[in-house]
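Q: quick one, what's the 3D model for this:
(one chain, ligands or ions: 2)
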Amino acid sequence: MVKDDCIFCKIAGGKIPAATLYEDEDFRVILDLGPASRGHALILPKEHYQDLCELDEAVGAKVLALAAKIGRAMKSGLGCAGFNLVQNNGEAAGQTVKHFHMHIIPRYEGGPEMVVWKPGSSDAGELEKIVEEITAQL
Ligand code: AMP
Ligand code: ZN
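A: Numbering: from 1, shown residues only. Ligands and ions are numbered 1, 2, ... in the order given. Below you'll find the predicted structure:
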């Protein structure tokens, strides 16, 4: 199913042009128009899924292998030292386009700055409570 007013549906389906790195029956991989680093790419499923929670399991099972394939090509083709996979779910998490996508962001020596957090602290009681809150929903 594609969504008529979804820009990533249109790009994945070839209705709007994009710099395409890879395409198969399930996915199109494009270069991000607002890259965090040179070669920043997005894996787009051709079907519309709002986010990871909605993603079809069979399609989702192919995403990591595809990310590895693109990442390997980035390392040998662009000479990046590594890459990050970033996948945002929900506005609070920074998702701006409501069509599942996986970012593949090449990392070069010296940059770019990426998400970093200062480790907080926890204790056994708090960990146990969190385990209960999440596992009750599984
Ligand atoms: P997110 O914040 O995870 O939803 O990421 C959306 C990403 O899509 C951003 O990095 C944008 O730069 C990128 N983006 C938005 N529109 C386009 C477009 N038409 N072509 C390529 N990348 C896009
Ligand atoms: Zn869509």
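
Q: tell me the bridge partners for the residue nearest the centre of the chain.
A: By CA atoms, centre = their mean, the mean C-alpha position of the chain lies nearest to Met102, the distance being 1.5 Å. Beta-bridge partners of Met102, counted by DSSP bridges, are Ile43.

Q: wait, what's in contact with it?
A: 42-43, 63, 67, 85-87 (CB atoms under 8 Å, 6 or more residues apart in numbering). In short, each C-beta sits where N, CA and C put it, glycine included.

Q: ok, of those, which come out buried?
A: Burial by neighbour count, 16 or more other CB atoms under 10 Å: within these this picks out 42-43, 63, 67, 86-87.

Q: can you add pLDDT and give these back as TSV?
A: Listed next are the buried ones among the contacts of Met102 as TSV, based on pLDDT from 0 to 100:
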residue	pLDDT
Leu42	98
Ile43	98
Val63	98
Ala67	98
Val86	96
Gln87	98
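
Q: closest to ligand 2 among the residues you listed?
A: Leu42 (12.3 Å; CB to the ion).

Q: excluding its backbone neighbours, what's nearest the closest one?
A: Using CB to CB, 6 or more residues apart in numbering and skipping residues adjacent in sequence, the residue nearest Leu42 is His101, 4.8 Å away.

Q: neighbours of that neighbour, how many?
A: Neighbour count of His101, defined by other CB atoms under 10 Å: 24.

Q: is it correct that it is in contact with Lys46?
A: No - with contact defined as CB atoms under 8 Å, His101 does not count as touching Lys46 (11.9 Å).

Q: bridging residues for Leu85?
A: Beta-bridge partners, per DSSP bridges, of Leu85: Ile104.

Q: please begin residue numbering at 500 from this point
A: Got it, first residue is 500 now, which makes that one Leu584.

Q: thanks again, I'm all set now.
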